[in-house]
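*Asks:* here is a sequence with its predicted model. Questions after.
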Amino acid sequence: MRARTRLYSLPLLCSGVLLLACSSPPPQPYAGPPASPAADDSYLHGRNLYLARRYSDAIAAYQAALRVDARHVNARNGLAIAYAEQRDFARAIPIWRDLTRDVTMASGPASAFLFSNLGYAYLLSGDLDAAQVALEKACLLDPLNHRAWQYLGETLLKVGQEERGQQMLRQAEALREHDFRADYATANGGTRLPAIEQAVRTDRRPDDDAWASVEVIRRDDGILELRRMSAKAAALHSAPVDGAAAQPLAPEAVARLEISNGNGRQGLARLVSRQLSDPGLKVVRLTNEKRFDVRQTRVEYQPAFRMAAERLARHVGTGEPVEVGLTGHADVRLVIGHDLPLQRVVARPPTGPLMAQAGRADAP
């Protein structure tokens, strides 16, 4: 019986013209129990403290959330990040290891950021072998996350794998610079190209030995292959490739957008919702932040909706969006802070690079 491998193909930049990457499956919904409102409140307070760089206070708030709900994923991840910011990797890494313990390929891109955080912590702490393993898993779970490719490239360079490391860094740069879905839809006048069809092949069935071994190689036609091998095949070093069946590229899903008023100016969330113009975003909810004490406007997103979040962040003028495990009714969340004055919103025309589909919303 032939040992089976899983093949993941990712394109590299070809002559600086066209850049694409393999597609991601829809995010898997979190199947655990709903978080306690008290735990959510403490977590949100901790997140605001973290963004204000008050790391010790943020740690205390995250710990308060975990005393209410010990399984609160966002609070656990936030606590690990706060520890890592203080370079306390001895406390941060075990948290991420526990969070990723039961993750499989079936978990999809929604869990990839946990492996990316774990791998980066290993990288900063000097455990390069562990960093490589974790970051390869992050790339497999979400091949469109440029941070995971960047960190993997840096890790490979540090362990002396210069050629592979540079390939990973080029892939990261490619994903930062290009929206592959838009490029794919418009490439060659909409004609479907065989090389690109091959690049979006993927197989995401869960396997018990999913993480046994990962090889990343470059073929003669410029395609990066992530080969996930079974433990037996990895030991024998002789497993024939069983290519996955090609799947049609699905259009980018419309992201559900929540706009939250965090500065207390009445009607600002609704006003901002009318200024957006992105067919990939649908406003589904308008809310208020408690205490209206958000200093800095930010965009949060589920991992599978990174590109929509980045477009929104560019339009609003915030910094880089924050990848979090959102729960509830939204895929992307815009939190308006005191740094976004009303005049700046009013001055923007209702047309532009974003066109939000107005949905039912509860005005704050």
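*Replies:* Structure received.
*Asks:* packing partners for the host helix or strand of Glu310?
*Replies:* Per DSSP states H and E: Glu310 is located in helix 306-316. Packing partners of helix 306-316 (3 or more Cβ pairs under 8 Å, 6 or more residues apart in numbering; DSSP states H and E): strand 255-261, strand 298-301, strand 332-336. Placement of C-beta: from N, CA and C, glycine included.
*Asks:* give me the sheet partners of the last one and which way each runs.
*Replies:* This points to strand 332-336. Strand 332-336 has the following strand partners under DSSP bridges: strand 255-261 (parallel), strand 298-301 (antiparallel).
*Asks:* in CSV, list the ones you listed along with mean pLDDT.
*Replies:* Output for those, formatted as CSV (pLDDT from 0 to 100):
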stretch, mean pLDDT
strand 255-261, 87
strand 298-301, 89
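*Asks:* related to what we said a few turns ago, pLDDT on the helix holding Glu310, on average?
*Replies:* For helix 306-316, the mean pLDDT works out to 83.
*Asks:* can you map out the strands along the stretch 51-200 of the chain?
*Replies:* Shown for the stretch 51-200 of the chain, no strands are assigned by DSSP state E, counting those that start in this stretch.
*Asks:* so, low pLDDT: which residues of it?
*Replies:* 178-200 (pLDDT under 70).
*Asks:* pLDDT at Glu252, what is it?
*Replies:* Predicted confidence (pLDDT) at Glu252: the value is 51.
*Asks:* and Arg204, by the same measure?
*Replies:* 38.
*Asks:* please apply the same query to Glu320.
*Replies:* Listed pLDDT for Glu320 reads 82.
*Asks:* could you find the closest non-adjacent residue to it?
*Replies:* Ala313 (6.6 Å; Cβ to Cβ, 6 or more residues apart in numbering).
*Asks:* and Ser111, how far from Arg71?
*Replies:* Ser111 sits at a distance of 15 Å from Arg71 (criterion: Cβ to Cβ, to the nearest Å).
*Asks:* these two: which is more packed in?
*Replies:* Taking neighbours as other Cβ atoms under 10 Å, Ser111 and Arg71 compare with Ser111 leading, 26 against 12.
*Asks:* list the contacts of the residue lying closest to the more buried one once chain neighbours are set aside.
*Replies:* Nearest non-adjacent residue to Ser111, counting by Cβ to Cβ, 6+ apart: Val103, 4.7 Å away. Residues near Val103 by Cβ atoms under 8 Å, 6 or more residues apart in numbering: Ser111, Leu114, Phe115, Lys137, Leu141.
*Asks:* could those residues go into a markdown table alongside distance to Gly264?
*Replies:* Output for these, formatted as a markdown table (distance: Cβ to Cβ, whole Å):
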| residue | distance to Gly264 |
| --- | --- |
| Ser111 | 35 |
| Leu114 | 34 |
| Phe115 | 38 |
| Lys137 | 42 |
| Leu141 | 39 |
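*Asks:* what subset of those residues is buried?
*Replies:* Neighbour counting over the contacts of Val103 (16 or more other Cβ atoms under 10 Å) leaves Ser111, Leu114, Phe115, Lys137, Leu141 as the buried ones.
*Asks:* which of those residues sits closest to Phe292?
*Replies:* Leu114 (31.0 Å; Cβ to Cβ).
*Asks:* thinking again about what came up before, okay, the helices and strands packed on helix 306-316 in JSON lines with mean neighbour count and distance to Val284 next?
*Replies:* Shown next, in JSON lines, are the helices and strands packed on helix 306-316 (neighbours: other Cβ atoms under 10 Å; distance: least, Cβ to Cβ, whole Å):
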{"stretch": "strand 255-261", "mean neighbour count": "24", "distance to Val284": "5"}
{"stretch": "strand 298-301", "mean neighbour count": "23", "distance to Val284": "14"}
{"stretch": "strand 332-336", "mean neighbour count": "27", "distance to Val284": "10"}
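*Asks:* which of those sits closest to Ala174?
*Replies:* strand 298-301 (20.1 Å).
*Asks:* for the protein, what spans make up the helices?
*Replies:* 37-51, 55-68, 73-85, 89-99, 112-125, 128-141, 146-158, 162-177, 180-186, 194-199, 231-236, 268-275, 306-316, 342-346 (DSSP state H).
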